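*Asks:* Got a predicted model here, sequence first, then my questions.
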Amino acid sequence: MKKILVLGYIIRAPFGGLCFHHLQYLLSLKNLGHEVLFYEDSDDYPGYYNSQSIEIAKHLGFDFINKLFAYYGLENKWVFFDSGVNVWHGLSRNTFLNFCSQADIVLNLSGVNVLREWWLKIPVRAFVDTDPVFTQIKNITDPKFKELAAAHTCHFSFGENIGRNTSLVPDDGFDWKETRQPVGIEIWKVATAVNCGRWTTVLQWDAYDKCEYSGEIYGMKSASFNNFIDLPARTGEKFELAIKADEKTIIWLENANWLTVGSLIPTKDSWSYQLYIAESKAEWSIAKQGYVKTRSGWFSERSLSYLASGKPVVVENTGFSDFLPVGEGVFCFSTLEEAVEHIARVNKEYARQCGNARTFVEEHFEGKSVLMSLLNRLS
């Protein structure tokens, strides 16, 4: 048994969907027999707090994580350091530092917590990059971020094509090993397969500003969407986007027969998120243009939530078809014509593709298997 500290962000971004990214690391490690603790830091990552004041937002985050962790048997397994006022929440400072003094491994998810002496002393420190190409460019152009990455003893990325001839992700000098999102199969109930209703997805139109490096521009989902704006007209299907975007974008989408709903509605908490997926027909979604352009191999943890719920996905290809089987439960497209073709096939074989969706996750993203592979390659 190892003592493993998982660094992430739930309190600063208390949303259903995003919380499962972190939660499934903790649950899968616990199911492997390890002792886990979640740590979050207030500094350097502003998060998004429903436009409320920071003080109210922090308490919203504390309530969110308390309910979430209690439900999944992780009571007293989190700590939050508010550096602005030097106050600790969750576990006490002494209890946390005692855990760190005995810990074997740090998993720093997404690199959104700053350097702190307490976790820098833990012997094995793994950086888990969930935002390939953008992470590598930050390492090249931002000395402070590169210092954070360099403080780790090993580096993993959701960009599973990094280092392959097919990938155009810039080389930042780090040895990136492939990894992927672990899925706690047991926390996802297979939803009823009913071939009606809406194709849905949850997305941010512009998560942050586009990135420019060496004369190339790497964009967000907003840069990927234009080629697929006619999809509702081409298929006659209902497509709903749970989206965070400006009013002009919403009007443009709705004029093209896309249904929209505010992204905070299905992501109010973990239960509303799971219900939204369960009531969906399937997922159709694009990826960040930067992921696609570089053929990074990134695969969405959100899409995995649909698949684990027994919902097929038709998603933009980032190069993951180089190493994952597609065409059964998971369909990838690069053009509007391909998207239309795959949607028609899902409709024709809906019940079978729902079964294939769950099988895909069990075979390729099961949490314990994913993390055993990662732990065996730590250095």
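*Replies:* Received it, and whenever you're ready, just let me know what you need. Computed from a predicted model, the values in this text were never measured in an experiment.

*Asks:* ok, what's across the strand from C154?
*Replies:* Going by DSSP bridges, C154 is paired in beta bridges with A126.

*Asks:* Quick check: longest helix in this protein by residues?
*Replies:* Determined from DSSP state H, the single longest helix within the chain is helix 54-71.

*Asks:* Quick one: mean pLDDT for that helix?
*Replies:* Helix 54-71 carries an average pLDDT of 86.

*Asks:* Remind me what that helix packs against, helices and strands.
*Replies:* Secondary-structure packing of helix 54-71 (3 or more Cβ pairs under 8 Å, 6 or more residues apart in numbering; DSSP states H and E): helix 18-31, strand 78-82, strand 87-90. No exception for glycine: its C-beta is placed from N, CA and C like everyone else's.

*Asks:* separation between the nearest residue to W88 once chain neighbours are set aside and P132?
*Replies:* Leaving aside its chain neighbours, W88 sits nearest to F81 (5.7 Å; criterion: Cβ to Cβ, 6 or more residues apart in numbering). Taking Cβ to Cβ, to the nearest Å as the measure, F81 falls 28 Å from P132.

*Asks:* I'd like to know which helix or strand in this structure has the lowest mean pLDDT.
*Replies:* The helix or strand of the chain with the lowest confidence, counting by mean pLDDT, DSSP states H and E, is helix 54-71 at a mean of 86.

*Asks:* check contacts around Y71.
*Replies:* Going by Cβ atoms under 8 Å, 6 or more residues apart in numbering, Y71 touches S270.

*Asks:* before we move on, what SS does K311 have?
*Replies:* On the three-state scheme (DSSP: H, G, I helix; E, B strand; the rest coil), K311 is labelled coil.

*Asks:* got the phi/psi numbers for the closest residue to it other than its chain neighbours?
*Replies:* Computed as Cβ to Cβ, 6+ apart, the closest residue to K311 that is not its neighbour in sequence is A282, at 5.2 Å. When read as degrees, to the nearest 10, the backbone of A282 gives phi -170, psi 180.

*Asks:* Show me what the strand or helix carrying V6 is packed up against.
*Replies:* Taking DSSP states H and E as the definition, V6 sits inside strand 3-7. Using 3+ Cβ pairs under 8 Å, 6+ apart, the elements in contact with strand 3-7 are helix 18-31, strand 35-41, helix 93-102, strand 105-109.

*Asks:* Show me what the longest one is packed up against.
*Replies:* The reference is to helix 18-31. Where contact means 3+ Cβ pairs under 8 Å, 6+ apart, helix 18-31 is packed against strand 3-7, strand 35-41, helix 54-71, strand 105-109, helix 270-278, helix 301-308, helix 367-376.

*Asks:* can you check the shortest one too?
*Replies:* The helices and strands touching strand 105-109, judged by 3+ Cβ pairs under 8 Å, 6+ apart, are strand 3-7, helix 18-31, strand 124-129.

*Asks:* Now do it, average pLDDT.
*Replies:* Strand 105-109 comes out at a mean pLDDT of 98.

*Asks:* Please apply the same query to the first one.
*Replies:* Confidence over helix 18-31, taken as the mean pLDDT, stands at 97.

*Asks:* can you tell me how far M220 sits from Q274?
*Replies:* From M220 to Q274 the distance is 26 Å (Cβ to Cβ).

*Asks:* Hmm, I typed the wrong one, I wanted F99.
*Replies:* 30 Å.

*Asks:* And G61, by the same measure?
*Replies:* Here G61 is placed at a distance of 20 Å from Q274 (Cβ to Cβ).

*Asks:* The residue nearest to W88: neighbour count?
*Replies:* By other Cβ atoms under 10 Å, the residues close to F81 number 21.

*Asks:* P123 now?
*Replies:* For P123, using other Cβ under 10 Å, the count is 10.

*Asks:* a strand runs through T267, doesn't it?
*Replies:* No - assigned with three-state DSSP, T267 falls outside any strand and is coil.

*Asks:* what sits against it?
*Replies:* F15, G16, G17, L18, V202, A242, Y273.

*Asks:* Give me the pLDDT for it.
*Replies:* Listed pLDDT for T267 reads 95.

*Asks:* cool, Y45 as well?
*Replies:* pLDDT for Y45: 52.

*Asks:* ok, T235 touching I343?
*Replies:* Yes - between T235 and I343 there is a contact at 5.4 Å, judged by Cβ atoms under 8 Å.

*Asks:* out of those two, which sits in the more crowded spot?
*Replies:* I343 (23 against 17).

*Asks:* what's the distance between the more buried one and G184?
*Replies:* As judged by Cβ to Cβ, I343 and G184 stand 29 Å apart.

*Asks:* again, but for T153
*Replies:* 26 Å.

*Asks:* okay, those two: which has more neighbours?
*Replies:* Neighbours were counted for T153 and for G184 using other Cβ under 10 Å; G184 has more, 20 against 14.

*Asks:* residues touching that one, list them.
*Replies:* Going by Cβ under 8 Å, 6+ apart, G184 touches L23, Q24, L27, S28, N31, G367.

*Asks:* of all the residues you listed, which two lie farthest apart?
*Replies:* Spatial extent of those (Cβ to Cβ) is set by the pair L23 and N31 at 12.2 Å.

*Asks:* the more surrounded of these two?
*Replies:* Applying other Cβ under 10 Å to L23 and N31 shows that L23 carries more neighbours, namely 23 against 14.
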